[in-house]
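Undergrad: Need coordinates for the following:
(chains A and B)
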Number of protein chains: 2
Amino acid sequence: MTNTFSYNHLFAFTESVFRSMGCPEEDATLATEVLLSADLRGIDSHGVARLVGYVRLWEAGRINATPRVGIVHETPSTAVVDGDGGLGLVVAPKAMAIALEKARLVGTGWVSVKNSNHFGIAGYHAMKALAHDMIGMAMTNASPLVAPTHSLDRLLGTNPIAVAIPAGDQPDFVADFATTTAANGKLEIAQRKQKPVPEGWVQNADGSGSTDANAVKNGGALLPLGGDTGSHKGYCLGSIVDIFSAVLSGANYGPWVPPFVAFLQPPADPVGQGLGHFFGAMRIDAFRPAAEFKAHMDNWISTFRNARAVEGQQVLIPGDPEREMAAVRLLDGIPLLDPVVKDLETVGAKFGLTL
Amino acid sequence: MTNTFSYNHLFAFTESVFRSMGCPEEDATLATEVLLSADLRGIDSHGVARLVGYVRLWEAGRINATPRVGIVHETPSTAVVDGDGGLGLVVAPKAMAIALEKARLVGTGWVSVKNSNHFGIAGYHAMKALAHDMIGMAMTNASPLVAPTHSLDRLLGTNPIAVAIPAGDQPDFVADFATTTAANGKLEIAQRKQKPVPEGWVQNADGSGSTDANAVKNGGALLPLGGDTGSHKGYCLGSIVDIFSAVLSGANYGPWVPPFVAFLQPPADPVGQGLGHFFGAMRIDAFRPAAEFKAHMDNWISTFRNARAVEGQQVLIPGDPEREMAAVRLLDGIPLLDPVVKDLETVGAKFGLTL
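TA: The predicted structure is shown next:
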């Protein structure tokens, strides 16, 4: 049995699962597009591997399949959006669309979201700005797995930031990264392979540095970006994401962010609603003519890409690896690990669907 | 001879130097306040230690003491400001004031600046938002000392980011950090003490990791935040700062950013004007009532500050060490190293001023 599936095959299956959960047709299509953008771009931890997680949260009554996503407060350049407990995969694109529309009208748009759930990869949402000659930004908080500098307690999520910037002839600049040294997905891979992880990724329960891939499971924590010598900077970044996404919107923040896994209960004393996101859009021509900007971006990109490199390496532009992976996987299909295939088959069976 | 000077003494001296350079009285006062905020907050590398550097750039005709700082393009929520070659210490506060005014009117304000110079500490500018119940942001590009991941060439500056967020009863949240593992100032301290630096700070000319504090002087480079295992994330951050500050505004970017030291010539083929900054301001009540937000910030801050800590340590909130230092130095004075005192005396002598 092959574990590689065509994009279209996985799309049809995933869409049917979301439809079976009761998502309206448009929402099911949208959620599928967002979720599979992770698989296409090689961020396997955030793609269909998580479909079972979303379904379990829905079964536990913690995801609303028919949310009424709406603006609760706004100014010309800002809004707070209530996701009504919906899939982040659906709430986030609607919030980003509001940011884009505000940017169209007054130059920039900034939207903080409460009462949402996991939104897939941040990069997908930031990239929605590109076709409009805008810069896009997306961030989200997440379940607490990360210890601030010197802390034994896990108070932050991996809280990713994505920024997408349009270029001209060159491919666009797309940065999308967790504010930890290593994303949780990389840790899971090391656990599966029973391999140690590099220093600076995790700490033990007593706060000592560790190379044990199971350290987080055993009461330890992921470390903020910067590892042993600069983790206070990653702690700053993760905190900013948490505050912009949740304290601005009225979502849960810090240790109150609800867990993604259905077998763990959300904190009994929430400080807000659901988890939070933050989106931004800036029209390029709110600053200078778009053609001029894009010509300079092309120069920026080619200068960096053509820098002298360490032997055997090349200087990459943010977004290069993911874009190349997407081109390959659209053509050759998306390889899935056996446990992921099994999970999908189990989910399918719930709804009478065949993978 | 004591090397400790009162804030007021250093203020009067520095203001006189800027006046002697030909700065209008208001600009001299402003530039002094910005510059000395670094000494107060313990960022000694960015304070009066740099005064001689600004004077030399002015002598070389690379700083305009009487700039006409103005908006060259704007929308309701954005502007591009031309610094007219002025001191960044003067240009930046004027640009930040424009961001604050735009935020007052439409919720947020975003200003990209070209044709400027070094602006002191980013945190000063971001903090200007706090009194208005706004979130403030400031970033700047800087002379190329940093190698992107896998690069042998130095293409980025230490490109700092500052974000200031108002709290209620708790002190405000103020993050201000270079997007490198270590700021250049820390490297200079290690050079002076002839001590090795931790791994992940610098690389040698051949791109190999190094603990030699002189590596950058000898053709090596500072490393982006993340060091050996995650420098691509710091590279992303530094790049975003460079693009927002300079490609958006029309300043020089990447390797074209002019050097701060007068003995090095700026690149002969500039791609823009001067160096660039980026400022942002967001009204809290463009999202939710400010009192509500600040009550949750107080909860956020006390939760993090009271986290269980590694033995002998405490979890700090971004801005804690600098705020405490400022309180001490306002009272006890600002200690200056001998070479800094000597530089200031030399600068004073130029203008018939006594330190």
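Undergrad: In contact with residue A:277, which residues?
TA: A:88, A:91-92, A:95, A:112-113, A:116, A:119, A:125, A:138-141, A:245, A:249 (CB atoms under 8 Å, 6 or more residues apart in numbering or on different chains). From N, CA and C alone the C-beta is placed, and that goes for glycine too.
Undergrad: Same question for it, what's its three-state structure.
TA: strand (DSSP: H, G, I helix; E, B strand; the rest coil).
Undergrad: quick check: domain ranges of chain A?
TA: Split into domains by the TED database, chain A comes to A:1-65+A:323-354, A:67-178+A:227-318, A:182-222.
Undergrad: Residue B:9: which of those is closest?
TA: Nearest of the domains of chain A to residue B:9, taken as CB to CB: domain A:67-178+A:227-318 at 32.2 Å.
Undergrad: Show me the strands in the stretch 51-200 of chain A, by range?
TA: In the stretch 51-200 of chain A, the segments counted as strands under DSSP state E, counting those that start in this stretch are A:70-75, A:78-82, A:108-116, A:134-140, A:161-165, A:173-177.
Undergrad: now what about the second one, what contacts it?
TA: Judged by CB under 8 Å, 6+ apart, the contacts made with strand A:78-82 from elsewhere in the structure are A:69-74, A:91, A:94-95, A:98-99, A:102, A:109-115, A:248-250, A:273, B:107-108, B:282-283, B:286-288.
Undergrad: Now it: average pLDDT?
TA: Averaging pLDDT along strand A:78-82 gives 98.
Undergrad: and it with strand B:108-116, angle?
TA: 140 degrees (axes from the mean of the first three to the mean of the last three CA atoms, to 10 degrees).
Undergrad: and residue A:313, that's in a strand?
TA: No - going by three-state DSSP, the assignment for residue A:313 is coil, not a strand.
Undergrad: if we can go back for a sec, just put the strands of the stretch 51-200 of chain A in CSV and tack on mean neighbour count.
TA: As requested, the strands of the stretch 51-200 of chain A are exported to CSV (neighbours: other CB atoms under 10 Å in any protein chain shown):
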stretch, mean neighbour count
strand A:70-75, 16
strand A:78-82, 26
strand A:108-116, 29
strand A:134-140, 29
strand A:161-165, 27
strand A:173-177, 24
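Undergrad: near chain B at all, stretch A:321-328?
TA: No - using CB under 8 Å from any CB of the partner chain, stretch A:321-328 stays clear of chain B, coming no nearer than 9.5 Å.
Undergrad: For that stretch, output the C-alpha coordinates as PDB.
TA: Extracted as PDB, the C-alpha positions of stretch A:321-328 are listed here (Å, rounded to 0.1, in the frame of the first residue of the first chain):
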ATOM      1  CA  PRO A 321      11.800  25.600   0.800                       C
ATOM      2  CA  GLU A 322       8.000  25.600   1.200                       C
ATOM      3  CA  ARG A 323       7.300  26.900  -2.300                       C
ATOM      4  CA  GLU A 324       9.600  24.300  -3.800                       C
ATOM      5  CA  MET A 325       8.000  21.600  -1.700                       C
ATOM      6  CA  ALA A 326       4.500  22.700  -2.800                       C
ATOM      7  CA  ALA A 327       5.400  22.500  -6.500                       C
ATOM      8  CA  VAL A 328       6.700  18.900  -6.000                       C
END
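Undergrad: now it: how far from the chain's centre is it?
TA: Chain-centre distance of stretch A:321-328: 17 Å, with CA atoms, centre = their mean, to the nearest Å.
Undergrad: Same question for stretch A:197-206.
TA: 23 Å.
Undergrad: In it, which of the residues would be classed as buried?
TA: A:197, A:199, A:200, A:201, A:202, A:203, A:204 (16 or more other CB atoms under 10 Å in any protein chain shown).
Undergrad: and of those residues, the nearest to chain B?
TA: Here the nearest of the buried residues of stretch A:197-206 to chain B, counting by CB to the nearest CB, is residue A:200; it sits at 5.4 Å.
Undergrad: Nearest residue to that closest one in space, please, no chain neighbours.
TA: The shortest distance from residue A:200 to any non-neighbouring residue, by CB to CB, 6 or more residues apart in numbering or on different chains, is to residue A:227 (2.5 Å).
Undergrad: So the one you found is in contact with residue B:226, correct?
TA: Yes - in this structure residue A:227 lies within contact range of residue B:226 using CB atoms under 8 Å: 7.4 Å.
Undergrad: Between these two, which contacts overlap?
TA: Taking CB under 8 Å, 6+ apart as the contact rule, residue A:227 and residue B:226 both touch A:181, B:200.
Undergrad: rewinding a little: report pLDDT for the residue nearest to residue A:200.
TA: pLDDT, residue A:227: 76.
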